[in-house]
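J.: Would you be able to build a 3D model of this:
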Amino acid sequence: MVRVLKKLGLLTVVVCISCFLYVSFFKHLNDLDNAEEGHDIFTYNRNTYKQKNISSPESNRQINTDESRKKQINDVPKRSMKSIFYKKVKLWEREMSHDDLIPRLQKVMRNYQEMNAYKLKYQGKINQQRESHDLLCHLKHRVNMATLKRSDLPDNETHWSQYLPDKDIHEVVGKLKRCAVVSSAGAIRGSRLGKEIDSHDAVFRFNAAPTKGYEADVGSKTTFRLLNSQVITQKEHNFLENPIYKDVILIMWDPSPYDADIYQWYKKPEYDFFESYKKYRTANPEQPFYILKPQTLWQFWNIIQESAPELIQPNPPSSGSTGILLMMNICDEVNVYEFLPSSRLTDRCYYFQQFMDSACTYGGYHPLLYEKNLFKKLNQGTEDDITKNGKMTLPGLKDLQCLNETR
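T.: Numbering: from 1, shown residues only. Predicted structure coming up:
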């Protein structure tokens, strides 16, 4: 009887150890899926590599209901465990397309195309394979990166237009030399790029992306902030009181229907930000605060669509791309950090939050995939810069020489 009990005890120990090792192994795999930053993000499928669950610098502007948003978050797919055993490939080494999206994001893209909320009537050509210099000339001459001035609104709208600046942002800021555009991507965590970023003449950030507590990675200097109109209007953003918006140059954007002029947009903005804008300007009359002309977004969108291999989301470009192009119109050189992802790639959308969603890299609402394709073509830096630091180097447009002025 004693021998039997000893054998059963030994068997129990063996079973317990086996269970512990089994659970530990699969927990480790799960941790890799959910915690590791930027590793093993590709799965092998029919001799091609597919990217999954990777993050972006910019949030996706949502027009979903709360319930659909919750469902979208819950539907974020996890990487296959098989991905751990396959060889990694270079990030964004080629032009990406709809076929590279996971099924969930393919469906989101189709839904936005069917919705066509901004009433796009695009009739141009797609997949126009322009060389980088030609593409730069199109961006310079066809996208008017201008801001609203008092004189842009009708005389009978002085109750609001009086709060607008007298001059365009370019008239006030002039031309800068080296500028940094810092995305809010989770991949910038652990980059130790703070000193490099702060060495620029001007630093451009987005919405309420913080620097305090993250200086080693993102730097401490802020010259410009680009805000979307949700930040201005929604109470949870605490726009009027939050000190992060003070002592910098503010620029905001709000989309209009594709063919709307300034007056039509002013009468029906997507987010009714005017009252918040007036209150902020009244409280901070000396602080520069500009509003991008809404047509600018669609002029830029047209070029993104022309350059894309297929039809893209009929929604405005992301804040990330818009900010990059604005700085290319102001600075001689623009270094962009973690817009194109580095080897630190992670599911985390923002370096200062835990939110996870692959749409933050590939785009859901915004045509982010195609924006990145476009800027990758314009990059004058090295592949090594992108892989190690998520860094693109882009030329300024002011002194760009174009043989034939592009219209």
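J.: Now do the helices in the stretch 51-200 of the chain.
T.: Here the stretch 51-200 of the chain has its helices, by DSSP state H, counting those that start in this stretch, at 66-74, 103-115, 132-142, 158-161, 169-173, 194-198.
J.: Indicate which one of those is closest to G213.
T.: helix 194-198 (11.4 Å; Cβ to Cβ). C-betas here are computed from N, CA, C, even on glycine.
J.: Now do the SS call for the nearest residue to D399 once chain neighbours are set aside.
T.: Sequence neighbours aside, D332 is the residue nearest to D399 in space, at 7.2 Å (criterion: Cβ to Cβ, 6 or more residues apart in numbering). Three-state call for D332 (DSSP: H, G, I helix; E, B strand; the rest coil): strand.
J.: residues in contact with D332?
T.: 175-178, 395-396, 398-399 (Cβ atoms under 8 Å, 6 or more residues apart in numbering).
J.: So which of those is the closest to I232?
T.: Comparing the contacts of D332 against I232 with Cβ to Cβ places L176 closest, at 25.3 Å.
J.: I'd guessed that closest one sits against C331; true?
T.: Yes - counting by Cβ atoms under 8 Å, L176 touches C331, with 4.6 Å between them.
J.: Show me which of those two is the more surrounded one.
T.: C331 (26 against 17; other Cβ atoms under 10 Å).
J.: Is it correct that that one is in contact with T393?
T.: No - look at C331 against T393 with Cβ under 8 Å: they stay out of range, at 11.3 Å.
J.: follow-up on the earlier one: any common contacting residues for L176 and C331?
T.: 201-202.
J.: measure the closest residue to Y350 other than its chain neighbours to K177 for me?
T.: Excluding the flanking residues, the one nearest Y350 by Cβ to Cβ, 6+ apart is S184, at 4.8 Å. Distance from S184 to K177, counting by Cβ to Cβ, to the nearest Å: 24 Å.
J.: Equivalent analysis for S199, please.
T.: S199 is 11 Å from K177, by Cβ to Cβ.
J.: ok, now Q313?
T.: 35 Å.
J.: if you count what's nearby, which of the two comes out ahead?
T.: Set Q313 next to K177 and count neighbours by other Cβ under 10 Å: Q313 wins out with 27 against 11.
J.: so S321 makes contact with E371?
T.: Yes - at 4.2 Å, S321 counts as touching E371 under the criterion of Cβ under 8 Å.
J.: what do those two both touch?
T.: If you check S321 and E371 against Cβ under 8 Å, 6+ apart, the residues they both contact are I304.
J.: Give me the contact list for stretch 170-179.
T.: 145-146, 165, 199-204, 223, 249, 288, 327, 329-335, 396, 398.
J.: Report the mean confidence score over it.
T.: Mean pLDDT, computed over stretch 170-179, is 96.
J.: And stretch 107-120, by the same measure?
T.: Stretch 107-120 comes out at a mean pLDDT of 96.
J.: do the same with stretch 219-236
T.: Per-residue scores along stretch 219-236 average to 97.
J.: same check, this time on stretch 272-284
T.: Stretch 272-284 comes out at a mean pLDDT of 96.
J.: Next, the buried residues of it.
T.: By 16 or more other Cβ atoms under 10 Å, the buried positions in stretch 272-284 come out as 273-274, 276-277, 280-281.
J.: Go through those residues and name the one nearest R150.
T.: R281 (11.7 Å).
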